[in-house]
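Asker: Predicted model and sequence below, questions to follow.
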Amino acid sequence: MAKTTALPGVQPALLKWARESAHLSLDEVAGRLKKSVEEVDAWEQSGAQGPSYAQLEKMAYELYKRPLAIFFLPEPPAEPRPEAEFRALPDADLRDLSRETVLLIRRARAYQASLVELFDGRSPVSHPIWKQVQPTDYKSAQSAAAVVRERLSVPAPGDKEWGTADGDDALKVWRRAIEASGVFVFKDTFKQKEISGFCLAHPELPVVMINNSTTKTRQIFSLLHELTHILVGWRAISTFDEAPLKRLPPADQRIERYCNQLAAEILVPARDFAALVAGLPRNVESLSSDDFSALAERYRVSREVILRRFRDENRVSQAFYEERKREWDGQRVEKQGSGGNFYATKGAYLSEWLLSEVFARYGRRQITVDEAADLIGVKPKQVDELESRFLQGLAA
């Protein structure tokens with residue numbers, strides 16, 4: 001067997017930084033490379049030892065998703081760590097984020113960098129919603145939510161403008177309204193299923209990414225929840241489970257609870273809801289899942305949002321809420337078709353505003369196909385087909 005030769009110039013500190021920033025352990029990397037833990041650890045500790053070129057390529061492109069050249073820098077580049085960048089989750093949970101979630105955060109940062117480049121660091125919206133609405137300026141979440149709905153120009157619950165819109169249609173309505181307010185919305189399939197979404201702060205070009213691996217109605221709440229984070233200046237990664245909330249410092253708990261309350265109020269206005277359920281008994285624990293579904297349908301939200309409304313009004317116990325939530329959580333995964341189309345998926349995952357701007361400039365030949373591909377994160381050969389499908393969707 002030919003002896004592999006260590007590659008000169010690779011910095012041990014860069015190897016350790018790349019592994020840790022991808023949230024991978026020595027054991028995981030050693031297993032993927034079919035090397036001993038001791039050998040991989042030695043690469044990170046000693047300048048006298050290091051990976052071969054082939055091993056470095058695998059580490060860069062398959063494991064850490066980094067450019068090869070980064071390992072030859074004199075020191076690790078400055079990059080925010082999740083526990084320093086985000087709130088709404090305890091530090092221990094942030095340190096335990098999966099590699100896949102960390103890569104999604106990195107992808108969202110790349111999209112945000114594309115937006116900064118395209119719009120010269122300035123919001124394309126003349127009056128971004130987070131500069132118009134400061135929730136703390138209002139006496140209650142109810143009054144703040146009413147202003148948010150007004151600024152988003154979303155039809156009132158039950159309004160005929162909703163027509164027969166299902167969860168998918170309703171998600172599109174909310175998503176377009178939020179993008180029109182200056183917040184860029186992306187989706188992806190989160191392999192770390194308990195993560196519902198996150199937002200990246202920016203004074204002009206904030207980004208939200210939500211988990212597509214769940215029902216459309218659950219995605220709607222995740223989207224509005226991340227919007228409230230942006231409105232209160234709260235950089236956050238969110239989970240479906242409320243348990244991490246209890247491990248936050250008291251001040252952080254108050255902010256996150258307020259965000260939950262505000263998102264619920266935007267989607268299910270208290271006055272409208274009170275009128276709708278006025279005829280129901282004070283304790284509604286006898287209602288069936290179908291009864292909760294019928295209420296949820298009016299607001300195009302999940303049953304859990306309705307149940308949370310009743311819990312906050314002390315019309316169900318915390319124990320009942322948690323029991324039903326566990327039951328419904330087991331049903332929340334969106335049914336997926338077999339296979340799937342790359343272009344349809346990519347078009348649904350990317351911000352509509354980002355795609356529109358990139359393809360407009362590409363069509364005017366202001367940017368090359370390589371530049372367009374780089375801005376939206378696809379291969380150059382995929383740009384034309386993605387553009388065609390995107391324009392067909394707008395015309396439909």
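Answerer: That came through fine.

Asker: what ranges do the helices span in the stretch 151-300 of the chain?
Answerer: With helices called from DSSP state H, counting those that start in this stretch, the stretch 151-300 of the chain shows them at 167-180, 216-231, 250-267, 270-276, 289-299.

Asker: Compare those helices and give me the one nearest Ser46.
Answerer: With respect to Ser46, and counting by CB to CB, the nearest of the helices of the stretch 151-300 of the chain is helix 250-267 at 41.1 Å. Every residue, glycine included, has its C-beta placed from N, CA and C.

Asker: That closest one to helix 167-180, inter-axis angle?
Answerer: Here helix 250-267 points in a direction 110 degrees away from that of helix 167-180 (axes from the mean of the first three to the mean of the last three CA atoms, to 10 degrees).

Asker: what's next to helix 250-267, contact-wise?
Answerer: 87-88, 135, 141-142, 144-145, 148-149, 220-221, 224-225, 227-229, 231-232, 234, 236, 245-246, 248, 299-301, 305, 308-309, 312 (CB atoms under 8 Å, 6 or more residues apart in numbering).

Asker: buried stuff in stretch 60-76?
Answerer: For stretch 60-76, the neighbour count (16 or more other CB atoms under 10 Å) marks Ala60, Leu63, Tyr64, Arg66, Phe71, Pro76 as buried.

Asker: Can you give me the end-to-end span of that stretch?
Answerer: 14 Å (CA to CA, to the nearest Å).

Asker: Run the chain-centre distance for it.
Answerer: For stretch 60-76, the gap between its own C-alpha mean and the chain's C-alpha mean amounts to 25 Å (CA atoms, centre = their mean, to the nearest Å).

Asker: who's in contact with it?
Answerer: Outside stretch 60-76, the residues within contact range by CB under 8 Å, 6+ apart are 9-11, 13-15, 17-19, 21-22, 24, 29, 32, 56-57, 77, 103, 106.

Asker: helix or strand right after the helix ranked longest in the chain?
Answerer: Longest helix in the chain, counting residues (DSSP state H): helix 99-118. Once helix 99-118 ends, the next helix or strand along the chain (criterion: DSSP states H and E) is helix 129-132.

Asker: Pull out the buried members of the contacts of helix 250-267.
Answerer: 87-88, 135, 141, 144-145, 148-149, 220-221, 224-225, 227-229, 231-232, 234, 236, 245, 248, 299-301, 305, 308-309, 312.

Asker: by contact count, what packs against the lowest-mean-pLDDT helix or strand in the chain?
Answerer: One helix or strand of the chain scores below all others by mean pLDDT, DSSP states H and E: helix 82-85, with a mean of 77. Helices and strands touching helix 82-85, by 3 or more CB pairs under 8 Å, 6 or more residues apart in numbering; DSSP states H and E, are helix 91-95.

Asker: buried ones in the helix it packs on?
Answerer: Neighbour-count burial for helix 91-95 [16+ other CB under 10 Å]: Asp93, Leu94.

Asker: Name the residues that touch that helix?
Answerer: Residues from elsewhere that reach helix 91-95 (CB under 8 Å, 6+ apart): His23, Pro82, Glu83, Phe86, Ile237, Thr239, Pro244, Arg247.

Asker: if you set the cut-off to 10 Å instead, what comes out?
Answerer: Helix 91-95 is contacted from outside by 20, 23, 81-89, 101-102, 194-195, 237, 239, 243-244, 247-248, using CB atoms under 10 Å, 6 or more residues apart in numbering.
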